[in-house]
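[1] got a predicted structure here, sequence first:
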Amino acid sequence: MLRSALHEKVSTILVEPSLLGDLRSKRAPYGHDGALEPLVPTRDPSSSPVHHSLGAFLLPLCLRCGHVHCKLTHVSLADTFDISNQHLSMELASAMCTVFQANPGVRYINFSGSNIVDRQQYMGKIMSCPRLRLQSLNLSFCKLGGGGAIKELANALLHMSSPVLELSLVGNEMNTQDVQDLSSWLETNTVLKLLDLGMNQKIGRAGLDPLAQALSRAGHPLQSLGLSGIGLNDDSVDALAQLVLDENFKAEFLDVSWNVLGVTGLGNLPSIFGKIKSVRELHCMALKLSPEATRRMIESYRGNHTIEVLHLASNYISVVSAPMFVELLQECPNMKWLDLVSNDVSPSFISTIHPAINAAHNLTILSLSNCTCNDEGAQILANVLSTNSTLLEVHFNFNNLTDAAAFPIASALKLHNKTLRNLRLDENEIGYDGVQALLEALQYNNSLVYLDLSENDFDPAQYETAPPSYPNVPSRVIKFVISE
(Lines give C-alpha, C1' and ligand atoms only; values in the text may rest on other atoms or scores of the structure.)
Protein backbone atom coordinates (compact mmCIF):
# COMPACT_ATOMS: atom_id res chain seq x y z
CA MET A 1 0.00 0.00 0.00
CA LEU A 2 2.50 2.62 1.13
CA ARG A 3 5.03 1.39 -1.41
CA SER A 4 2.71 2.33 -4.27
CA ALA A 5 1.94 5.71 -2.73
CA LEU A 6 5.60 6.58 -2.16
CA HIS A 7 6.80 5.41 -5.55
CA GLU A 8 4.06 7.23 -7.44
CA LYS A 9 4.81 10.70 -6.04
CA VAL A 10 6.08 11.71 -9.46
CA SER A 11 5.34 14.43 -11.97
CA THR A 12 3.80 11.98 -14.43
CA ILE A 13 1.86 8.85 -13.51
CA LEU A 14 2.37 6.01 -15.92
CA VAL A 15 -0.39 4.99 -18.29
CA GLU A 16 0.81 1.40 -17.99
CA PRO A 17 2.58 0.79 -14.64
CA SER A 18 3.36 -2.81 -15.54
CA LEU A 19 6.03 -1.56 -17.96
CA LEU A 20 8.33 -1.18 -14.94
CA GLY A 21 7.67 -4.62 -13.52
CA ASP A 22 8.37 -4.94 -9.81
CA LEU A 23 9.27 -1.24 -9.51
CA ARG A 24 5.57 -0.46 -9.84
CA SER A 25 4.04 -3.34 -7.90
CA LYS A 26 0.58 -2.41 -6.68
CA ARG A 27 1.15 -4.30 -3.44
CA ALA A 28 4.28 -5.05 -1.51
CA PRO A 29 3.37 -7.31 1.43
CA TYR A 30 6.10 -8.76 3.61
CA GLY A 31 6.34 -11.50 6.19
CA HIS A 32 7.74 -10.91 9.66
CA ASP A 33 11.16 -11.91 8.39
CA GLY A 34 10.95 -9.27 5.66
CA ALA A 35 10.23 -11.73 2.85
CA LEU A 36 7.43 -11.03 0.38
CA GLU A 37 4.23 -12.94 1.02
CA PRO A 38 0.49 -12.55 0.26
CA LEU A 39 -1.21 -10.07 2.56
CA VAL A 40 -3.86 -12.61 3.51
CA PRO A 41 -2.67 -16.08 2.49
CA THR A 42 -6.13 -17.61 2.85
CA ARG A 43 -7.58 -15.39 0.12
CA ASP A 44 -7.09 -15.78 -3.61
CA PRO A 45 -3.89 -13.76 -4.24
CA SER A 46 -5.24 -12.61 -7.59
CA SER A 47 -8.12 -10.77 -5.93
CA SER A 48 -7.84 -7.11 -4.94
CA PRO A 49 -7.44 -6.13 -1.25
CA VAL A 50 -10.68 -5.80 0.70
CA HIS A 51 -11.01 -2.25 1.98
CA HIS A 52 -13.16 -0.93 4.82
CA SER A 53 -13.60 2.69 5.82
CA LEU A 54 -14.12 2.56 9.56
CA GLY A 55 -15.56 6.03 9.79
CA ALA A 56 -18.26 5.22 7.26
CA PHE A 57 -19.04 1.63 8.25
CA LEU A 58 -17.75 0.09 11.46
CA LEU A 59 -18.52 2.81 13.99
CA PRO A 60 -22.08 3.48 12.71
CA LEU A 61 -22.63 -0.26 12.92
CA CYS A 62 -21.51 -0.29 16.54
CA LEU A 63 -23.86 2.55 17.41
CA ARG A 64 -26.76 0.80 15.68
CA CYS A 65 -26.36 -2.57 17.35
CA GLY A 66 -25.42 -1.15 20.71
CA HIS A 67 -22.74 -3.77 21.31
CA VAL A 68 -19.38 -3.32 19.74
CA HIS A 69 -18.75 -7.05 19.33
CA CYS A 70 -22.30 -7.96 18.29
CA LYS A 71 -21.80 -7.88 14.52
CA LEU A 72 -18.23 -6.76 14.00
CA THR A 73 -16.95 -10.29 14.45
CA HIS A 74 -18.88 -11.21 11.32
CA VAL A 75 -17.34 -8.51 9.14
CA SER A 76 -15.96 -9.91 5.88
CA LEU A 77 -12.21 -10.47 5.78
CA ALA A 78 -10.39 -7.18 5.37
CA ASP A 79 -6.72 -6.26 5.20
CA THR A 80 -7.09 -2.50 4.79
CA PHE A 81 -8.71 0.00 7.13
CA ASP A 82 -8.97 3.66 6.22
CA ILE A 83 -9.80 6.24 8.87
CA SER A 84 -8.07 9.12 7.13
CA ASN A 85 -9.36 12.59 8.08
CA GLN A 86 -11.52 11.08 10.83
CA HIS A 87 -12.15 11.93 14.47
CA LEU A 88 -10.48 9.19 16.50
CA SER A 89 -12.71 8.59 19.51
CA MET A 90 -12.59 5.94 22.22
CA GLU A 91 -15.63 4.29 20.64
CA LEU A 92 -13.88 4.02 17.29
CA ALA A 93 -10.68 2.73 18.91
CA SER A 94 -12.66 0.07 20.78
CA ALA A 95 -14.45 -0.94 17.59
CA MET A 96 -11.14 -1.33 15.78
CA CYS A 97 -9.68 -3.46 18.57
CA THR A 98 -12.72 -5.75 18.44
CA VAL A 99 -12.27 -6.21 14.70
CA PHE A 100 -8.55 -6.86 15.04
CA GLN A 101 -9.18 -9.50 17.66
CA ALA A 102 -11.67 -11.25 15.39
CA ASN A 103 -9.71 -10.68 12.19
CA PRO A 104 -5.92 -11.00 12.48
CA GLY A 105 -5.67 -10.48 8.72
CA VAL A 106 -5.55 -6.66 9.00
CA ARG A 107 -2.30 -5.44 7.48
CA TYR A 108 -2.70 -1.74 6.61
CA ILE A 109 -4.18 1.15 8.59
CA ASN A 110 -4.44 4.66 7.20
CA PHE A 111 -4.65 7.40 9.85
CA SER A 112 -3.62 10.14 7.40
CA GLY A 113 -4.98 13.55 8.39
CA SER A 114 -6.68 12.26 11.53
CA ASN A 115 -6.60 13.97 14.92
CA ILE A 116 -4.42 11.40 16.63
CA VAL A 117 -1.94 13.95 17.98
CA ASP A 118 -4.23 14.57 20.98
CA ARG A 119 -5.56 11.00 21.00
CA GLN A 120 -2.33 9.14 21.66
CA GLN A 121 -3.90 6.93 24.31
CA TYR A 122 -6.51 5.75 21.83
CA MET A 123 -3.94 4.97 19.16
CA GLY A 124 -1.86 3.17 21.77
CA LYS A 125 -4.89 1.05 22.59
CA ILE A 126 -5.23 0.11 18.92
CA MET A 127 -1.56 -0.68 18.39
CA SER A 128 -1.34 -2.80 21.51
CA CYS A 129 -4.01 -5.25 20.32
CA PRO A 130 -2.32 -8.65 20.82
CA ARG A 131 -3.65 -10.21 17.60
CA LEU A 132 -2.85 -7.23 15.37
CA ARG A 133 -0.23 -8.12 12.77
CA LEU A 134 0.11 -4.70 11.19
CA GLN A 135 2.49 -4.32 8.27
CA SER A 136 1.78 -0.81 6.91
CA LEU A 137 0.96 2.28 8.96
CA ASN A 138 0.17 5.64 7.40
CA LEU A 139 0.43 8.58 9.82
CA SER A 140 0.90 11.33 7.24
CA PHE A 141 -0.27 14.87 8.04
CA CYS A 142 -1.24 14.08 11.63
CA LYS A 143 0.68 17.00 13.22
CA LEU A 144 2.80 14.69 15.33
CA GLY A 145 6.01 16.72 15.26
CA GLY A 146 7.53 19.00 17.86
CA GLY A 147 5.53 18.05 20.94
CA GLY A 148 6.67 14.64 22.10
CA ALA A 149 4.07 12.68 20.10
CA ILE A 150 6.77 10.99 18.03
CA LYS A 151 8.40 9.73 21.21
CA GLU A 152 5.07 8.24 22.32
CA LEU A 153 4.64 6.72 18.87
CA ALA A 154 8.09 5.12 19.00
CA ASN A 155 7.25 3.62 22.38
CA ALA A 156 3.97 2.22 21.05
CA LEU A 157 5.75 0.73 18.03
CA LEU A 158 8.33 -0.88 20.29
CA HIS A 159 5.60 -2.72 22.21
CA MET A 160 3.58 -3.99 19.25
CA SER A 161 3.15 -7.76 18.99
CA SER A 162 4.82 -7.77 15.55
CA PRO A 163 7.06 -5.21 13.83
CA VAL A 164 5.66 -2.70 11.37
CA LEU A 165 7.20 -3.07 7.92
CA GLU A 166 6.07 0.20 6.28
CA LEU A 167 5.70 3.59 7.99
CA SER A 168 4.78 6.97 6.53
CA LEU A 169 5.23 10.15 8.58
CA VAL A 170 4.93 12.63 5.71
CA GLY A 171 4.07 16.23 6.56
CA ASN A 172 4.14 16.03 10.37
CA GLU A 173 6.29 19.10 11.10
CA MET A 174 8.97 16.81 12.50
CA ASN A 175 12.30 18.20 13.65
CA THR A 176 15.70 16.78 14.52
CA GLN A 177 14.60 15.79 18.03
CA ASP A 178 11.66 13.88 16.60
CA VAL A 179 14.01 11.85 14.40
CA GLN A 180 16.14 11.19 17.47
CA ASP A 181 13.04 9.99 19.34
CA LEU A 182 11.95 7.78 16.44
CA SER A 183 15.44 6.27 16.27
CA SER A 184 14.89 4.36 19.50
CA TRP A 185 12.41 2.22 17.55
CA LEU A 186 14.20 2.30 14.18
CA GLU A 187 17.37 0.76 15.58
CA THR A 188 15.40 -2.25 16.85
CA ASN A 189 13.38 -2.93 13.69
CA THR A 190 15.45 -5.20 11.49
CA VAL A 191 12.65 -5.89 8.99
CA LEU A 192 11.42 -2.34 8.22
CA LYS A 193 11.13 -2.07 4.45
CA LEU A 194 9.69 1.39 3.84
CA LEU A 195 10.13 4.69 5.68
CA ASP A 196 8.81 7.99 4.35
CA LEU A 197 9.79 11.16 6.24
CA GLY A 198 9.02 13.54 3.39
CA MET A 199 7.75 17.10 3.75
CA ASN A 200 9.20 17.61 7.22
CA GLN A 201 11.28 20.69 6.50
CA LYS A 202 12.69 21.03 10.01
CA ILE A 203 14.51 17.68 9.97
CA GLY A 204 17.41 19.21 8.05
CA ARG A 205 20.97 18.01 7.91
CA ALA A 206 21.15 17.41 11.66
CA GLY A 207 18.29 14.92 11.47
CA LEU A 208 20.22 12.67 9.10
CA ASP A 209 22.81 11.79 11.76
CA PRO A 210 20.50 9.94 14.17
CA LEU A 211 18.64 8.42 11.21
CA ALA A 212 21.84 7.02 9.70
CA GLN A 213 23.02 5.67 13.07
CA ALA A 214 19.69 3.98 13.84
CA LEU A 215 19.37 2.34 10.42
CA SER A 216 22.98 1.20 10.59
CA ARG A 217 22.39 -0.47 13.96
CA ALA A 218 19.35 -2.22 12.47
CA GLY A 219 21.43 -3.50 9.56
CA HIS A 220 19.94 -1.16 6.95
CA PRO A 221 16.79 -3.18 6.24
CA LEU A 222 15.04 -0.52 4.12
CA GLN A 223 14.04 -1.13 0.53
CA SER A 224 12.42 2.32 0.10
CA LEU A 225 13.35 5.64 1.77
CA GLY A 226 11.52 8.95 1.34
CA LEU A 227 13.46 12.12 2.23
CA SER A 228 11.71 14.66 0.02
CA GLY A 229 11.44 18.22 1.32
CA ILE A 230 13.25 17.68 4.63
CA GLY A 231 15.43 20.79 4.42
CA LEU A 232 18.61 19.39 2.90
CA ASN A 233 21.02 21.66 1.05
CA ASP A 234 24.40 21.37 -0.62
CA ASP A 235 26.09 21.40 2.79
CA SER A 236 24.24 18.19 3.76
CA VAL A 237 26.45 16.02 1.58
CA ASP A 238 28.48 14.44 4.40
CA ALA A 239 25.42 13.54 6.45
CA LEU A 240 23.59 12.06 3.45
CA ALA A 241 26.71 10.19 2.36
CA GLN A 242 26.99 8.62 5.82
CA LEU A 243 23.48 7.25 5.33
CA VAL A 244 23.30 6.17 1.68
CA LEU A 245 26.93 5.23 1.00
CA ASP A 246 27.09 2.81 3.92
CA GLU A 247 28.18 -0.55 2.49
CA ASN A 248 25.08 -2.17 4.02
CA PHE A 249 22.61 0.37 2.58
CA LYS A 250 20.35 -1.66 0.31
CA ALA A 251 17.36 0.58 -0.53
CA GLU A 252 16.32 0.28 -4.15
CA PHE A 253 14.13 3.39 -4.01
CA LEU A 254 15.21 6.86 -2.79
CA ASP A 255 13.30 10.15 -2.93
CA VAL A 256 15.26 13.36 -2.24
CA SER A 257 12.97 15.71 -4.19
CA TRP A 258 12.07 19.23 -3.04
CA ASN A 259 15.34 19.78 -1.20
CA VAL A 260 16.12 22.99 -3.06
CA LEU A 261 19.83 23.25 -3.78
CA GLY A 262 19.59 26.45 -5.81
CA VAL A 263 20.70 27.25 -9.35
CA THR A 264 24.11 28.39 -8.11
CA GLY A 265 24.74 25.18 -6.17
CA LEU A 266 28.08 23.45 -6.66
CA GLY A 267 26.49 20.03 -6.90
CA ASN A 268 28.05 18.53 -3.79
CA LEU A 269 24.86 16.66 -2.86
CA PRO A 270 23.98 15.38 -6.37
CA SER A 271 27.57 14.22 -6.84
CA ILE A 272 26.93 11.21 -4.61
CA PHE A 273 23.64 10.03 -6.20
CA GLY A 274 25.25 7.75 -8.77
CA LYS A 275 27.54 6.26 -6.15
CA ILE A 276 24.60 4.68 -4.32
CA LYS A 277 24.97 1.19 -5.73
CA SER A 278 21.62 -0.23 -4.60
CA VAL A 279 19.19 2.43 -5.86
CA ARG A 280 17.17 1.44 -8.91
CA GLU A 281 14.73 4.36 -8.75
CA LEU A 282 15.74 7.90 -7.77
CA HIS A 283 13.43 10.90 -7.39
CA CYS A 284 15.27 14.23 -7.70
CA MET A 285 12.44 16.58 -8.59
CA ALA A 286 12.55 20.31 -7.94
CA LEU A 287 16.12 20.46 -6.69
CA LYS A 288 16.77 23.42 -9.02
CA LEU A 289 20.00 21.88 -10.23
CA SER A 290 22.59 24.21 -11.67
CA PRO A 291 24.42 23.10 -14.85
CA GLU A 292 27.43 22.30 -12.66
CA ALA A 293 25.29 20.23 -10.28
CA THR A 294 23.76 18.38 -13.24
CA ARG A 295 27.22 17.66 -14.64
CA ARG A 296 28.53 16.32 -11.33
CA MET A 297 25.45 14.20 -10.81
CA ILE A 298 25.69 12.60 -14.26
CA GLU A 299 29.42 12.04 -13.84
CA SER A 300 28.67 10.10 -10.67
CA TYR A 301 26.61 7.66 -12.77
CA ARG A 302 29.52 6.57 -14.94
CA GLY A 303 29.45 2.79 -15.13
CA ASN A 304 26.24 2.53 -13.06
CA HIS A 305 24.33 -0.57 -14.14
CA THR A 306 21.77 -0.37 -11.33
CA ILE A 307 19.70 2.77 -11.96
CA GLU A 308 16.50 2.10 -13.93
CA VAL A 309 14.27 5.11 -13.19
CA LEU A 310 15.44 8.72 -12.86
CA HIS A 311 12.99 11.54 -12.13
CA LEU A 312 14.47 14.99 -12.76
CA ALA A 313 11.35 17.11 -13.22
CA SER A 314 11.45 20.86 -12.53
CA ASN A 315 15.21 21.27 -12.38
CA TYR A 316 16.02 24.08 -14.85
CA ILE A 317 17.75 21.55 -17.12
CA SER A 318 18.45 23.14 -20.53
CA VAL A 319 20.20 22.47 -23.83
CA VAL A 320 23.51 23.20 -22.11
CA SER A 321 23.15 19.87 -20.32
CA ALA A 322 22.10 17.85 -23.40
CA PRO A 323 25.57 16.30 -24.01
CA MET A 324 25.59 15.19 -20.37
CA PHE A 325 22.37 13.24 -20.92
CA VAL A 326 23.90 11.54 -23.94
CA GLU A 327 26.62 10.35 -21.56
CA LEU A 328 24.02 9.36 -18.94
CA LEU A 329 22.16 7.10 -21.36
CA GLN A 330 25.42 5.58 -22.53
CA GLU A 331 26.75 4.96 -19.02
CA CYS A 332 23.49 3.56 -17.58
CA PRO A 333 22.50 0.71 -19.89
CA ASN A 334 19.60 -0.45 -17.71
CA MET A 335 17.75 2.89 -17.69
CA LYS A 336 14.03 2.25 -18.27
CA TRP A 337 12.39 5.60 -17.54
CA LEU A 338 13.88 9.08 -17.94
CA ASP A 339 11.64 11.88 -16.60
CA LEU A 340 12.54 15.43 -17.68
CA VAL A 341 9.11 17.01 -17.17
CA SER A 342 8.96 20.80 -16.70
CA ASN A 343 12.50 21.52 -17.79
CA ASP A 344 13.77 23.70 -20.63
CA VAL A 345 14.08 20.71 -22.95
CA SER A 346 14.16 22.56 -26.25
CA PRO A 347 14.02 20.99 -29.73
CA SER A 348 17.83 21.27 -29.81
CA PHE A 349 18.02 19.21 -26.61
CA ILE A 350 15.90 16.41 -28.13
CA SER A 351 17.92 16.53 -31.35
CA THR A 352 21.16 16.14 -29.38
CA ILE A 353 20.01 13.13 -27.36
CA HIS A 354 18.11 11.50 -30.27
CA PRO A 355 20.89 8.99 -31.15
CA ALA A 356 21.42 8.12 -27.49
CA ILE A 357 17.70 7.42 -27.03
CA ASN A 358 17.72 4.98 -29.93
CA ALA A 359 20.88 3.33 -28.65
CA ALA A 360 19.46 2.90 -25.13
CA HIS A 361 17.97 -0.54 -25.62
CA ASN A 362 16.23 -0.71 -22.24
CA LEU A 363 14.73 2.80 -22.30
CA THR A 364 10.99 2.18 -22.53
CA ILE A 365 9.49 5.39 -21.04
CA LEU A 366 10.33 9.00 -21.89
CA SER A 367 8.59 11.91 -20.13
CA LEU A 368 8.92 15.32 -21.81
CA SER A 369 5.73 17.02 -20.66
CA ASN A 370 5.66 20.81 -20.22
CA CYS A 371 9.06 21.29 -21.81
CA THR A 372 8.22 24.03 -24.36
CA CYS A 373 9.15 21.60 -27.11
CA ASN A 374 6.59 23.11 -29.57
CA ASP A 375 6.01 21.94 -33.15
CA GLU A 376 9.69 21.84 -33.99
CA GLY A 377 10.34 19.51 -31.06
CA ALA A 378 7.43 17.32 -32.20
CA GLN A 379 9.05 16.91 -35.60
CA ILE A 380 12.21 15.66 -33.89
CA LEU A 381 10.13 13.37 -31.69
CA ALA A 382 8.52 11.98 -34.85
CA ASN A 383 12.02 11.27 -36.16
CA VAL A 384 12.80 9.45 -32.93
CA LEU A 385 9.62 7.37 -33.17
CA SER A 386 10.33 6.57 -36.82
CA THR A 387 13.63 4.91 -35.96
CA ASN A 388 13.04 3.66 -32.41
CA SER A 389 11.93 0.16 -31.46
CA THR A 390 12.26 0.24 -27.65
CA LEU A 391 10.11 3.14 -26.39
CA LEU A 392 6.75 1.89 -25.17
CA GLU A 393 5.37 5.03 -23.51
CA VAL A 394 5.98 8.72 -24.31
CA HIS A 395 4.58 11.76 -22.49
CA PHE A 396 4.57 14.84 -24.74
CA ASN A 397 1.61 16.72 -23.32
CA PHE A 398 1.44 20.44 -22.49
CA ASN A 399 3.98 21.46 -25.13
CA ASN A 400 2.06 24.02 -27.24
CA LEU A 401 1.67 21.54 -30.09
CA THR A 402 -0.55 22.38 -33.08
CA ASP A 403 -1.66 20.48 -36.18
CA ALA A 404 1.83 21.02 -37.54
CA ALA A 405 3.09 18.75 -34.75
CA ALA A 406 0.36 16.13 -35.14
CA PHE A 407 1.06 15.47 -38.84
CA PRO A 408 4.66 14.16 -38.51
CA ILE A 409 3.78 12.16 -35.40
CA ALA A 410 0.85 10.61 -37.27
CA SER A 411 3.13 9.75 -40.18
CA ALA A 412 5.63 8.07 -37.85
CA LEU A 413 2.87 5.98 -36.26
CA LYS A 414 1.40 5.05 -39.62
CA LEU A 415 4.51 4.17 -41.57
CA HIS A 416 7.32 3.36 -39.18
CA ASN A 417 6.74 2.81 -35.47
CA LYS A 418 5.37 -0.62 -34.56
CA THR A 419 6.26 -0.77 -30.87
CA LEU A 420 4.95 2.34 -29.01
CA ARG A 421 2.00 1.43 -26.75
CA ASN A 422 1.04 4.66 -24.96
CA LEU A 423 1.23 8.28 -26.13
CA ARG A 424 0.13 11.40 -24.26
CA LEU A 425 -0.56 14.48 -26.39
CA ASP A 426 -3.14 16.05 -24.09
CA GLU A 427 -3.23 19.75 -23.08
CA ASN A 428 -1.89 21.03 -26.38
CA GLU A 429 -3.43 23.06 -29.23
CA ILE A 430 -4.01 20.32 -31.77
CA GLY A 431 -7.05 21.01 -33.94
CA TYR A 432 -9.51 18.87 -35.88
CA ASP A 433 -7.17 18.25 -38.83
CA GLY A 434 -4.36 17.09 -36.58
CA VAL A 435 -6.66 14.81 -34.59
CA GLN A 436 -8.02 13.28 -37.80
CA ALA A 437 -4.50 12.63 -39.07
CA LEU A 438 -3.65 10.80 -35.85
CA LEU A 439 -6.86 8.76 -35.84
CA GLU A 440 -6.43 7.75 -39.47
CA ALA A 441 -2.81 6.76 -38.85
CA LEU A 442 -3.95 4.31 -36.21
CA GLN A 443 -5.84 2.33 -38.85
CA TYR A 444 -2.39 1.16 -39.94
CA ASN A 445 -0.82 0.83 -36.49
CA ASN A 446 -1.34 -2.30 -34.38
CA SER A 447 0.85 -1.44 -31.36
CA LEU A 448 -0.57 1.78 -29.87
CA VAL A 449 -3.24 0.93 -27.28
CA TYR A 450 -3.62 4.32 -25.56
CA LEU A 451 -3.71 7.84 -27.02
CA ASP A 452 -4.64 10.87 -24.89
CA LEU A 453 -5.92 13.82 -26.96
CA SER A 454 -7.95 15.54 -24.23
CA GLU A 455 -7.78 19.30 -23.70
CA ASN A 456 -6.79 20.18 -27.26
CA ASP A 457 -8.26 22.68 -29.73
CA PHE A 458 -11.16 20.62 -31.11
CA ASP A 459 -14.71 19.74 -30.10
CA PRO A 460 -14.68 16.27 -28.50
CA ALA A 461 -18.47 16.00 -28.77
CA GLN A 462 -18.20 14.95 -32.42
CA TYR A 463 -16.44 11.76 -31.32
CA GLU A 464 -18.86 10.87 -28.53
CA THR A 465 -21.67 9.78 -30.85
CA ALA A 466 -19.39 8.07 -33.37
CA PRO A 467 -16.14 7.06 -31.69
CA PRO A 468 -13.43 5.71 -33.99
CA SER A 469 -13.35 1.94 -34.35
CA TYR A 470 -10.21 -0.17 -34.65
CA PRO A 471 -11.00 -3.85 -35.27
CA ASN A 472 -7.27 -4.48 -35.54
CA VAL A 473 -6.78 -3.31 -31.92
CA PRO A 474 -10.12 -3.73 -30.10
CA SER A 475 -8.62 -2.81 -26.71
CA ARG A 476 -7.39 0.58 -27.92
CA VAL A 477 -8.37 3.61 -25.81
CA ILE A 478 -8.60 7.09 -27.34
CA LYS A 479 -9.15 9.75 -24.69
CA PHE A 480 -10.91 12.86 -25.97
CA VAL A 481 -12.01 14.45 -22.67
CA ILE A 482 -10.58 14.56 -19.15
CA SER A 483 -12.17 11.91 -16.96
CA GLU A 484 -14.49 13.21 -14.27
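    Right, received. Where do you want to start?

[2] ok, and the closest non-adjacent residue to residue 408?
    Leaving aside its sequence neighbours, residue 408 sits nearest to residue 382 (C-beta to C-beta, 6 or more residues apart in numbering; 3.7 Å). Glycine gets a C-beta too; all of them are placed from N, C-alpha and C.

[3] from the chain's centroid, how far away is the host helix or strand of that neighbour?
    Secondary structure from DSSP states H and E places residue 382 in helix 374-387. How far helix 374-387 lies from its chain's middle: 28 Å, per C-alpha atoms, centre = their mean, to the nearest Å.

[4] which residues sit against that helix?
    Outside helix 374-387, the residues that touch it by C-beta atoms under 8 Å, 6 or more residues apart in numbering are 345-347, 350-351, 354, 357-358, 368, 371, 373, 391, 394, 396, 399-402, 404-406, 408-409, 411-413, 415-417, 420.

[5] which of those fall within helices?
    Judged by DSSP state H, these include 347, 350-351, 354, 357-358, 404-406, 408-409, 411-413, 415 as members of helices.

[6] farthest pair within those residues?
    Put simply, by C-beta to C-beta the two of those set farthest apart are 358 and 404, 23.7 Å from each other.

[7] ok, the residue nearest to residue 93 when sequence neighbours are not counted - contacts?
    Spatial nearest neighbour of residue 93, chain neighbours left out: residue 122 (4.0 Å); criterion: C-beta to C-beta, 6+ apart. By C-beta under 8 Å, 6+ apart, the contact set of residue 122 is 88, 89, 90, 92, 93, 116.

[8] residues in contact with the first one?
    When the contact criterion is C-beta under 8 Å, 6+ apart, the partners of residue 88 are 111, 114, 115, 116, 119, 122, 123.

[9] in ChimeraX, how would I select just the buried ones from those?
    With 16 or more other C-beta atoms under 10 Å as the criterion, this ChimeraX line picks the buried residues out of those:
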select :111,114,116,119,122,123
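
[10] now, the contacts of residue 88 that are in helices?
    If you go by DSSP H, the contacts of residue 88 have 122, 123 in helices.

[11] now do the helix holding residue 382 against helix 403-415, angle only.
    Here helix 374-387 runs at an angle of 10 degrees relative to helix 403-415 (axes from the mean of the first three to the mean of the last three C-alpha atoms, to 10 degrees).

[12] in helix 374-387, what counts as buried?
    Result for helix 374-387 [16+ other C-beta under 10 Å]: buried residues 374, 375, 377, 378, 379, 380, 381, 382, 383, 384, 385.

[13] quick one: low-confidence parts of this structure?
    1, 3, 11, 23-78, 263-265, 483-484 (pLDDT under 70).

[14] over to residue 242: give its phi and psi.
    Dihedral pair for residue 242: phi -60, psi -40, per degrees, to the nearest 10.

[15] count of residues packed around it?
    Neighbour count of residue 242, defined by other C-beta atoms under 10 Å: 16.

[16] residue 97 too?
    Using other C-beta under 10 Å: residue 97 sits among 22 other residues.

[17] go on, residue 465?
    6.

[18] need phi/psi at residue 309.
    phi -130, psi 130.

[19] for the closest residue to it other than its chain neighbours, what are its contacts?
    Sequence neighbours aside, residue 281 is the residue nearest to residue 309 in space, at 4.0 Å (criterion: C-beta to C-beta, 6+ apart). For residue 281, the contacting residues are 7, 23, 252, 253, 254, 307, 308, 309, 310, 311, by C-beta under 8 Å, 6+ apart.

[20] which among the residues you listed end up buried?
    7, 23, 252, 253, 254, 307, 308, 309, 310, 311.

[21] residue 101: which of those is nearest?
    residue 7 (32.9 Å).

[22] quick check: the gap between that closest one and residue 110.
    For residue 7, the distance to residue 110 equals 17 Å [C-beta to C-beta, to the nearest Å].

[23] surely residue 266 touches residue 234?
    Yes - contact criterion C-beta atoms under 8 Å: residue 266 and residue 234 qualify, at 6.0 Å.

[24] tell me how many other residues surround residue 159.
    10.

[25] check contacts around it.
    So residue 159 contacts 127, 128 (C-beta under 8 Å, 6+ apart).

[26] understood, closing this out.
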